[in-house]
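Trainee: Return atomic coordinates for the entry below.
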Amino acid sequence: MLLHRRLFTYTINTCIFVLYSRQPFFVLHRLLLPATFRSALSSHNRGYAQSEDYAIMMGMSQSKNSPTEELYAVVRGRVQGVGFRYFVVEKAASLGLRGYARNESNGDVEVLAQGSRPALEHLLSLLRQGPPAAYVSDVQVTWREPSEHVSGFHVRW
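Mentor: Numbers count the residues shown, from 1 in each chain. Down below sits the predicted model:
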């Protein structure tokens with residue numbers, strides 16, 4: 001599920017610009033005003049409003065003001081054999097996090113993720129839900145300073 005939050009609206013001549021967050025990116029939406037509104041400004045190009053979206057490729061989780069933190073989580077329940085690790089990799093990568101997910105021999109899934117606190121908290125809420133075929137009974141969480149350097153987000157064996 002993509003989260004949308006309008007950050008500002010600004011009108012310039014015949015256009016309305018709306019900047020909203022669409023995690024993990026910011027999107028600038030340009031809406032041309034209907035011809036009836038701009039007829040005083042221009043006698044041509046009358047018709048329906050047109051719109052365009054411009055993705056501003058700046059990950060929301062890559063704030064320079066946020067120090068890097070580490071989330072270590074052990075997820076319990078029916079979390080193996082249901083695509084849980086790949087679900088974690090997809091969600092964490094879209095949030096701009098680094099780390100890994102791996103199966104434990106006792107049936108749990110271990111997740112180590114590094115990044116900004118807001119992005120890690122969003123991942124934690126997703127871990128508590130899991131993919132549709134999973135059943136999460138418990139998530140044990142430890143917040144700490146990064147313990148190792150990890151690049152990208154992947155499944156570890």
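
Trainee: tell me the domain boundaries of this protein?
Mentor: Per automatic domain parsing, the structural domains of the chain span 4-56, 69-155.

Trainee: Out of those domains, which gets the lowest mean score?
Mentor: Note on the domains of the chain: lowest mean pLDDT is at domain 4-56, with a mean of 47.

Trainee: Who are the packing partners of the helix ranked longest in the chain?
Mentor: In the chain, taking DSSP state H as the definition, the longest helix is helix 117-129. Helices and strands touching helix 117-129, by 3 or more C-beta pairs under 8 Å, 6 or more residues apart in numbering; DSSP states H and E, are strand 69-78, helix 84-94, strand 109-115, strand 135-144. The C-beta positions use only the backbone N, C-alpha and C, and glycine is treated the same way.

Trainee: The same query, at a cut-off of 10 Å, please.
Mentor: Using 3 or more C-beta pairs under 10 Å, 6 or more residues apart in numbering; DSSP states H and E, the elements in contact with helix 117-129 are strand 69-78, helix 84-94, strand 98-103, strand 109-115, strand 135-144.

Trainee: Would you mind finding the most buried of these?
Mentor: Highest mean neighbour count among these (mean count of other C-beta atoms under 10 Å): strand 109-115, with a mean of 23.
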